[in-house]
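S.K.: okay, here's the prediction I keep looking at, along with the sequence it came from:
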Amino acid sequence: MTVHDELPAAARTRRLEERLIAAGLASDEEIDEYLTRLYTSASPVNGARMAARAWTDPAYRDLLLSDGNAAAAELGFGGLSYALRVVPNTSTTHNVIVCTLCSCYPVSLLGPSPGWYKSFAYRSRTVREPRAVLAEFGLTLPGDVRISVWDSTSEARYMVLPVRPAGTDGLSADQLAALVTRNGLIGTALV
Amino acid sequence: MSYPVGARVRVRTGDPDHHTRMPRYVRGHTGEVVAVLGRWPLPDDRARGIDPPRVETCYAVRFSAADLWGSGDHTVTADLWESYLDRS
Amino acid sequence: MGGQTGFGPVPAGADAGPPFAADWEARVYALAAILRRRGLFNDDELRDAIERLPPQRYLAASYYERWLGALETLTAEKGVP
């Protein structure tokens, strides 16, 4: 298209930054500050805490499933820029989240999304053959468990509430939260 | 026109030449409203700089894999703005 | 892209590393957020600009290369000198 296409992406990015800085639309400080905040505050530890709380507190679980934003705020994650919808796994239903149109994802509660979530393969296949996709993550579900796929096409962002693993009765909130993985909150793992 | 939970809705067909959040794979298919979401500006308008954009109710609509793909026992739920839908 | 075939296995192992494979990717992500916040464009315009990349470019580019292309498109269209 233009000579820009022949430059490596890093050089193109720097050129773009310089234009924007010259136009007063961005600064190196702002970029650094944004990324620092992203790395320190956006993490799957956040979603994990919400899941663990829902496992131990039925009222919180109800809130989480009916008003995700209020539930997030209660644990200090208020002011979400999206409508959070949390979908619960059960013994007969397993949920998995995708964004076929781009890569929408609840970044503030799960951290920046993994490469596979953004891949054409995940985006195209999860709505069509979720069982096969989950198998590629090493997750084979029993035949009587139905899969519910959620395609994040609007302002809502989805998170899975995994089933609390067996044999965890004596664990503290922190210990429970440590069991919850990012993949469990997306649905490509059981927990 | 607004749809209650449980309503059967059919996704419109057509291939707009502008940005839309109506995935191709649900166009023309019928699903069930499982949740009424918020009232949000239509991305089709916002992407084109139409100001003010139409603000519409968005619905979580569930489709069966058997209907979408002819096979599979899973469901797919997509969030769709009201003007993407007709009552079925 | 839902249901489209031919994309092969999901790169499920490709998530052990950091969220951004290179500094420029993180900076592109940050720039998009900063410019959106400044009102240069909105979310839907950004997605639209990504979708408007020529198909061969869209498919050949990496995820953040698509974002970079979209930001270049939008800064030009919005008259940034």
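M.R.: Good, I have the coordinates.

S.K.: got the buried residues for stretch A:90-106?
M.R.: Residues of stretch A:90-106 classed as buried under the neighbour-count rule (16 or more other C-beta atoms under 10 Å in any protein chain shown) are A:94-106. The C-beta positions use only the backbone N, C-alpha and C, and glycine is treated the same way.

S.K.: and that stretch, how far apart are its ends?
M.R.: For stretch A:90-106, the first-to-last residue distance is 22 Å (C-alpha to C-alpha, to the nearest Å).

S.K.: what's the answer for stretch C:38-57, then?
M.R.: Using C-alpha to C-alpha, the end-to-end distance of stretch C:38-57 comes out at 28 Å.

S.K.: OK, contacts around the residue nearest the centre of chain B?
M.R.: A centroid search over chain B (C-alpha atoms, centre = their mean) returns B:Leu80, at 2.7 Å, as the residue closest to the centre. Taking C-beta atoms under 8 Å, 6 or more residues apart in numbering or on different chains as the contact definition, B:Leu80 lies against A:Thr153, A:Ser154, B:Val9, B:Val11, B:Arg21, B:Met22, B:Val26, B:Cys58, B:Tyr59, B:Val61.

S.K.: in strands, which of these fall?
M.R.: Counting by DSSP state E, the contacts of B:Leu80 place B:Val9, B:Val11, B:Cys58, B:Tyr59, B:Val61 in strands.

S.K.: farthest pair within those?
M.R.: The largest distance within the ones in strands among the contacts of B:Leu80, taken as C-beta to C-beta, falls between B:Val11 and B:Cys58 and amounts to 13.1 Å.

S.K.: restrict the buried residues of stretch A:90-106 to those near chain B?
M.R.: On the criterion C-beta under 8 Å from any C-beta of the partner chain, A:Thr100, A:Leu101 are the entries of the buried residues of stretch A:90-106 that sit beside chain B.

S.K.: how about a markdown table for the buried residues of stretch A:90-106, with distance to chain C added?
M.R.: Converted to a markdown table, these look like this (distance: C-beta to the nearest C-beta, whole Å):
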| residue | distance to chain C |
| --- | --- |
| A:His94 | 17 |
| A:Asn95 | 17 |
| A:Val96 | 12 |
| A:Ile97 | 13 |
| A:Val98 | 8 |
| A:Cys99 | 9 |
| A:Thr100 | 3 |
| A:Leu101 | 7 |
| A:Cys102 | 6 |
| A:Ser103 | 7 |
| A:Cys104 | 9 |
| A:Tyr105 | 11 |
| A:Pro106 | 14 |
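
S.K.: tell me the one of the buried residues of stretch A:90-106 nearest A:Ser41?
M.R.: Taking those together and measuring to A:Ser41 by C-beta to C-beta, the closest member is A:Pro106, at 13.0 Å.

S.K.: how far away is the closest one from chain B?
M.R.: Distance from A:Pro106 to chain B, counting by C-beta to the nearest C-beta, to the nearest Å: 14 Å.
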